[in-house]
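*Asks:* how would this look folded up:
(4 chains)
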Number of protein chains: 2
Amino acid sequence: MAANSQFSMAVHILTLLATKAGNENLKSEYIAVSVNTNAVVIRRILSQLNQAGLVSSQTGSLGGTRLLRDADEISLCEIYKAVSCGEVFALHAKSPNQDCPIGKNIEVVLCNLQKEIDKTVGDKLNQYTLASIIKKVNLEYI
Amino acid sequence: MAANSQFSMAVHILTLLATKAGNENLKSEYIAVSVNTNAVVIRRILSQLNQAGLVSSQTGSLGGTRLLRDADEISLCEIYKAVSCGEVFALHAKSPNQDCPIGKNIEVVLCNLQKEIDKTVGDKLNQYTLASIIKKVNLEYI
DNA sequence: TTATTTGTATCAAGGATAGTTACAAATATG
DNA sequence: CATATTTGTAACTATCCTTGATACAAATAA
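*Replies:* The predicted structure follows:
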């Protein structure tokens, strides 16, 4: 288990919340069955989505989680930022040799490039809403 | 997981090859000192750049590696693909529940999205050449 | 023939991710 | 109030990825 699939799981979870629940809560165990993972894995992602203000949860026998906003008002970029800590590529693990003029200067150049690429990804994800994903998922039925 | 910094190292290596070497070979040990890592790590990346047709290496006491093309004819996208850093986000580690209509259909939707995001990154990286990076590194001197 | 360098196999160390168990806190129901 | 249920989170394990390191055969120049 290496690659970070939290964004994929988050989109899956939010799709379930938006389509299955009217105003009812979905339980983490129910979600886990659809995503095919453990309920705690789901709750960990829901915790991040909660911090981002996208969902709200309640304990108790009628508890569970529900969406706080309409699916057409949630962009994929918001979801990505809610769960993702990652950049498209990483900078040097160890700082390059500062005695080499190129080693000394390439870090800042790569860092700026990294920010620009990340912004490009964010802009692209901003073009899609959760509602657009749900629409595509539904089209697959046919 | 340790973050993948091969793209950063590859850009660093190619910058060295383009600026330091006229037609002379650079040895992996020399490059490793600038990148601040082990020479084998450098040779592993050079091996991928060689397969991509960007560099050529020779063994022996006068051996080393040199660029095969001008820096303004090498796009960052080529470098990125040469070291095959993977996707911006990962799909589900385990396939979702195929008995759930959403679980059944979301994979292909996410896969298409993944391809589109990756293409966006590729297009952006295509806007830059190795020469443009070298220019920025040089500007840092001032 | 000898010294040097690449290319690659192999292993160890460190870190991230997912999966799992456990349990306190919160909440609805009777 | 007591009970059952669910969330939130800590803690631990297993697995995988990346880097770093050692070793050595193959290639090459002197």
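
*Asks:* Now the helix or strand harbouring A:I133: average pLDDT?
*Replies:* For A:I133, the host element (DSSP states H and E) is helix A:130-139. Mean pLDDT, computed over helix A:130-139, is 96.

*Asks:* Ok, stretch A:8-24 next?
*Replies:* Computed over stretch A:8-24, the average pLDDT equals 89.

*Asks:* In it, which residues are buried?
*Replies:* Buried positions in stretch A:8-24, judged by neighbour count with 16 or more other Cβ atoms under 10 Å in any protein chain shown: A:8-19. (Each C-beta comes from the backbone N, C-alpha and C, glycine too.)

*Asks:* Backbone dihedrals for A:G64, please?
*Replies:* The phi and psi values for A:G64, taken as degrees, to the nearest 10, are phi 140, psi -160.

*Asks:* ignore the last one, A:T65
*Replies:* Main-chain dihedrals, A:T65, degrees, to the nearest 10: phi -130, psi 140.

*Asks:* Quick check: which element contains the closest residue to it other than its chain neighbours?
*Replies:* Spatial nearest neighbour of A:T65, excluding adjacent residues (Cβ to Cβ, 6 or more residues apart in numbering or on different chains): A:S57 at 4.4 Å. Applying DSSP H and E as the criterion places A:S57 in strand A:55-58.

*Asks:* residues making contact with that strand?
*Replies:* Strand A:55-58 has contacts (Cβ atoms under 8 Å, 6 or more residues apart in numbering or on different chains) with A:14, A:17, A:25, A:46, A:49-50, A:63-68.

*Asks:* Could you identify the buried members of the residues you listed?
*Replies:* Among the contacts of strand A:55-58, the ones that count as buried by 16+ other Cβ under 10 Å are A:14, A:17, A:25, A:46, A:49-50, A:64-67.

*Asks:* Which ones among the residues you listed map onto helices?
*Replies:* Residues of those located in helices (DSSP state H): A:14, A:17, A:46, A:49-50.
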